[in-house]
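here you go, sequence then predicted model.
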Protein chains: 2
Amino acid sequence: MSEAADRRAPTMADVAKVAGVSHQTVSRVLSDHPNVRESTRARVREVIAELEYRPNPAARALVTKRSRTLGVIAANTTLYGPASILAGLEHAARAKGYLIAAVSLDELSETALRKALEHLAAWGVEGGVVMTPHERTVAALLRLAAPFPIVTVEGGHDLDVPGVALDQYAGARMVTEHLLSLGHASVWHVTGPREWLEAEGRFQGWRAALDDAGAPVPQWLGGDWSAASGYRAGQLLAAAHRSLDQASKPTAVFVANDHMALGVLRALREAGLRVPEDLAVAGFDGLPESEYFAPPLTTVRQDFAAAGRAGIDLLLQRIEDPSATPVHTTLMPELVIRSSTAARP
Amino acid sequence: MSEAADRRAPTMADVAKVAGVSHQTVSRVLSDHPNVRESTRARVREVIAELEYRPNPAARALVTKRSRTLGVIAANTTLYGPASILAGLEHAARAKGYLIAAVSLDELSETALRKALEHLAAWGVEGGVVMTPHERTVAALLRLAAPFPIVTVEGGHDLDVPGVALDQYAGARMVTEHLLSLGHASVWHVTGPREWLEAEGRFQGWRAALDDAGAPVPQWLGGDWSAASGYRAGQLLAAAHRSLDQASKPTAVFVANDHMALGVLRALREAGLRVPEDLAVAGFDGLPESEYFAPPLTTVRQDFAAAGRAGIDLLLQRIEDPSATPVHTTLMPELVIRSSTAARP
DNA sequence: CTGCAAATTGTTAACGTTAACAGCTGCCCG
DNA sequence: CGGGCAGCTGTTAACGTTAACAATTTGCAG
């Protein structure tokens, strides 16, 4: 009502006119250029605040050729791990003055990945983080040759793409060794889908720990990360516990993630087996609620926020110099011991 | 090696030159303008593919004044519900040709919210979805007067901001009525934090169902959504079960979310109470793993993907016509009955 | 054929910012 | 007191697209 010019957003020229300077001076104030008299700078700042002027990001991006936007491509974002990493990436990016454009994949096909990359490219992101725990996806990523610099998170290290990974292998060794140290002759294993790099790393770590300890390697059971598949594996473990002879029956099991461990626990309970007395169970991921499972679950906790920060650091570095040799960052997980693996009586 | 011009990305003018037309014709082909001869269109398309030309989004945004980007502000993204909604929003937006810029809040203060809005505004988003289940945050949102159109998800309906909400009240009524129908004299309740709108809705629904049935309203227990707080509430319930007289002791409890219900279950188990024989337990949220709790949990499932779609629809509508009266969409949840509330013997 | 409308194409001018360079002060030193 | 050199400010030209309008070609009726 007061003014009629409330229609369109103020531009740099508007600020300049009101402040009695050229638009270039306004630009200089905005970019903290040193050669601006203090009084001028103050005056311009004042007008900017008064008019609630906001620089037009499109105009800026057009001339600087930088969108200050990073893309993130993620699958399984409803799981605790990926969701945590996503939040970590966002915080780190925002702290560095970047916007995060998120794309969530519900299918891990090469087509879906290509579409996601294309979507981000169409908006001019400067780089992308791809959370592709899946081996085939990583392969696809390499074939596709993304139109902008890329880093992976949980994508393994055998690539000429830089990446951040949590050390699955070391984590799995830690749990397995912990179980062996409790006096178990061997440790059984429920795997994740083997084409997921995390599942593979955990599998290898488990196996190496057994080999190093000279322990026999029992038949492993395949799961798909879901509690349902853990439940099925648990039923099998219970059966094995009942029917195998004393020497070879399972007394300890390392389950590749906490969700599946939950299913295992339910199956064992239904079969009348006690945890940890009859069968010790350990998980992997460090879900906050794993402390409230029945019984509280021994697990491996990962620092997802740190992974997010490391991912952004790597990506920005990659954007600075795309030709530098790819660097990999590895983060160490932490063993959390709870009563599902208490010492044997 | 073959060509030296691999330096910068091709522009519309480059395409035009190669195709032997004006840049405007290229623009027309890109925007599917009808008045272009079929042969010309084909030729231009060919050159676009050949040069791998990609329109510059900044230049386009500058002239059209549309960034085709939507912002999403979310807290607690590591929880199943918010994470699912986020994924739903992203899919819906992408399908409509929009990019999703995500900002995750780890603190629900007005300052944090203002910073998030400012961050998105600085990148010129056309609108934003705010997932603010927290009452104070919603109030803050109203005070702040965002610089772009806003819709809320799970933000309640008593606002002049349009929003999508899942019907917490109805869901809570459904569980409570279900428990009453099993023959319980009354139903106890473990609440979420009361300043969360979802918690409040569930509380009100619970209370209304009891009132309508003429059942007494027992003292409710306060929780904070975490399994830990559910555990503490469970200990109290167990104590009440032991010490109160037959008429007033708890025999059924509706816990405001599945995570807390997990804690309740553990506490009851530790106290030697059987579920559902001694105490029936129901949750809310429909976590996939709630089926594998001990025992499998009766809960209320919500369609988060639908909520995401509805949110984007509402927002785009709002961007079209910001002055239209705010519309609210309500989605109905679904009761999932499992053995934690099996019929009384 | 001629002319006129419709279809197709081209030309020019924005959009709002930063970069490059030019100009204008005032001050210090010889 | 003149020259030069900072320090500050302004002017002009991009950046790559769409919008508005102008120009050209085509098709077809008269």
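Looks like it came in fine.

quick one: the helices in the stretch 151-300 of chain A?
Using DSSP state H, counting those that start in this stretch, the helices of the stretch 151-300 of chain A run over residues A:168-181, A:197-213, A:227-243, A:258-270.

an error on my part: the question was meant for the stretch 1-150 of chain A.
Secondary structure of the stretch 1-150 of chain A by DSSP H, counting those that start in this stretch: the helices cover A:12-19, A:23-30, A:38-51, A:57-64, A:80-95, A:110-122, A:135-144.

Serialize the ones you listed to a markdown table and add fields for mean neighbour count and mean pLDDT.
All C-beta atoms are positioned from the backbone trio N, CA, C, and that covers glycine. Supplementary listing: the helices of the stretch 1-150 of chain A in a markdown table, determined by neighbours: other CB atoms under 10 Å in any protein chain shown; pLDDT from 0 to 100:
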| stretch | mean neighbour count | mean pLDDT |
| --- | --- | --- |
| helix A:12-19 | 18 | 93 |
| helix A:23-30 | 18 | 94 |
| helix A:38-51 | 15 | 93 |
| helix A:57-64 | 18 | 96 |
| helix A:80-95 | 23 | 93 |
| helix A:110-122 | 18 | 93 |
| helix A:135-144 | 17 | 78 |
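
in JSON lines: the helices of the stretch 151-300 of chain A, plus mean pLDDT and distance to B:V26.
What follows is these, written out as JSON lines (pLDDT from 0 to 100; distance: least, CB to CB, whole Å):
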{"stretch": "helix A:168-181", "mean pLDDT": "96", "distance to B:V26": "49"}
{"stretch": "helix A:197-213", "mean pLDDT": "95", "distance to B:V26": "43"}
{"stretch": "helix A:227-243", "mean pLDDT": "94", "distance to B:V26": "52"}
{"stretch": "helix A:258-270", "mean pLDDT": "93", "distance to B:V26": "51"}
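
which one of the ones you listed lies closest to A:L108?
Nearest to A:L108, of all these, is helix A:197-213, at 12.2 Å by CB to CB.

residue contacts, A:L297?
A:258, A:261-262, A:265, A:281-283, A:290-291, A:338, A:340 (CB atoms under 8 Å, 6 or more residues apart in numbering or on different chains).

and it, how far from chain B?
Per CB to the nearest CB, to the nearest Å, A:L297 is found 11 Å from chain B.

for the residue in the stretch 151-300 of chain A that DNA strand C sits nearest to, what are its contacts?
Of all residues in the stretch 151-300 of chain A, A:V151 sits closest to DNA strand C, at 25.7 Å by CB to the nearest atom of the strand. Contacts for A:V151 (CB under 8 Å, 6+ apart) come out as A:127-130, A:161-164, A:311, A:314-315, A:318.

from the residues you listed, keep the buried residues only.
A:127-130, A:161-164, A:311, A:314-315, A:318 (16 or more other CB atoms under 10 Å in any protein chain shown).

inside strands: which ones of those residues?
A:127-130, A:163-164 (DSSP state E).

pLDDT check: weakest of those residues?
Among those, A:G163 has the lowest pLDDT, at 88.

okay, now the residue nearest to A:Y292 when sequence neighbours are not counted: neighbour count?
Closest residue to A:Y292 apart from its sequence neighbours, by CB to CB, 6 or more residues apart in numbering or on different chains: B:A227 at 3.9 Å. Around B:A227 there are 25 other residues, counting by other CB atoms under 10 Å in any protein chain shown.

tell me who's in contact with B:A227.
Here B:A227 is in contact with A:288-289, A:291-292, B:259-260, B:262-263, B:266 (CB under 8 Å, 6+ apart).

just put the residues you listed in JSON lines and tack on neighbour count.
Listed next are these as JSON lines, based on neighbours: other CB atoms under 10 Å in any protein chain shown:
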{"residue": "A:P288", "neighbour count": "15"}
{"residue": "A:E289", "neighbour count": "22"}
{"residue": "A:E291", "neighbour count": "20"}
{"residue": "A:Y292", "neighbour count": "26"}
{"residue": "B:H259", "neighbour count": "28"}
{"residue": "B:M260", "neighbour count": "31"}
{"residue": "B:L262", "neighbour count": "31"}
{"residue": "B:G263", "neighbour count": "25"}
{"residue": "B:R266", "neighbour count": "24"}
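
need the residues you listed in TSV (columns: distance to A:Y98).
Below are these laid out as TSV (distance: CB to CB, whole Å):
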residue	distance to A:Y98
A:P288	28
A:E289	32
A:E291	35
A:Y292	37
B:H259	32
B:M260	36
B:L262	37
B:G263	38
B:R266	42
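
tabulate those (JSON lines), appending distance to DNA strand D.
Formatted as JSON lines, those follow (distance: CB to the nearest atom of the strand, whole Å):
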{"residue": "A:P288", "distance to DNA strand D": "47"}
{"residue": "A:E289", "distance to DNA strand D": "49"}
{"residue": "A:E291", "distance to DNA strand D": "54"}
{"residue": "A:Y292", "distance to DNA strand D": "54"}
{"residue": "B:H259", "distance to DNA strand D": "48"}
{"residue": "B:M260", "distance to DNA strand D": "52"}
{"residue": "B:L262", "distance to DNA strand D": "52"}
{"residue": "B:G263", "distance to DNA strand D": "55"}
{"residue": "B:R266", "distance to DNA strand D": "59"}
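
and those, which is closest to A:A238?
B:R266 (21.2 Å).

I figured that closest one hits B:G234, correct?
Yes: here B:R266 lies in contact with B:G234, judged by CB atoms under 8 Å, at a distance of 6.7 Å.

residue contacts, the residue nearest to A:Q235 when sequence neighbours are not counted?
In this structure, A:Q235 finds its nearest non-sequential neighbour in A:A267, 4.7 Å apart by CB to CB, 6+ apart. By CB under 8 Å, 6+ apart, the residues touching A:A267 are A:230-235, A:237-238.

which of those residues sit farthest apart?
So, these by CB to CB: farthest apart are A:G230 and A:A238, at 12.4 Å.

of these two, who's got more company?
Neighbours were tallied for A:G230 and for A:A238 using other CB under 10 Å; the higher tally belongs to A:G230 (32 against 21).

quick one: the more buried one from chain B, how far?
Taking CB to the nearest CB as the measure, A:G230 falls 7 Å from chain B.

returning to that earlier point: CSV for the helices of the stretch 1-150 of chain A, including distance to B:A271?
Listed next are the helices of the stretch 1-150 of chain A as CSV, based on distance: least, CB to CB, whole Å:
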stretch, distance to B:A271
helix A:12-19, 68
helix A:23-30, 63
helix A:38-51, 60
helix A:57-64, 58
helix A:80-95, 28
helix A:110-122, 48
helix A:135-144, 46
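
would CSV of the ones you listed with distance to chain B be doable?
Converted to CSV, those look like this (distance: least, CB to the nearest CB, whole Å):
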stretch, distance to chain B
helix A:12-19, 13
helix A:23-30, 12
helix A:38-51, 13
helix A:57-64, 4
helix A:80-95, 4
helix A:110-122, 6
helix A:135-144, 13
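
out of those helices, nearest to B:A307?
Among these, if distance is taken as CB to CB, the winner is helix A:80-95, at 16.8 Å.
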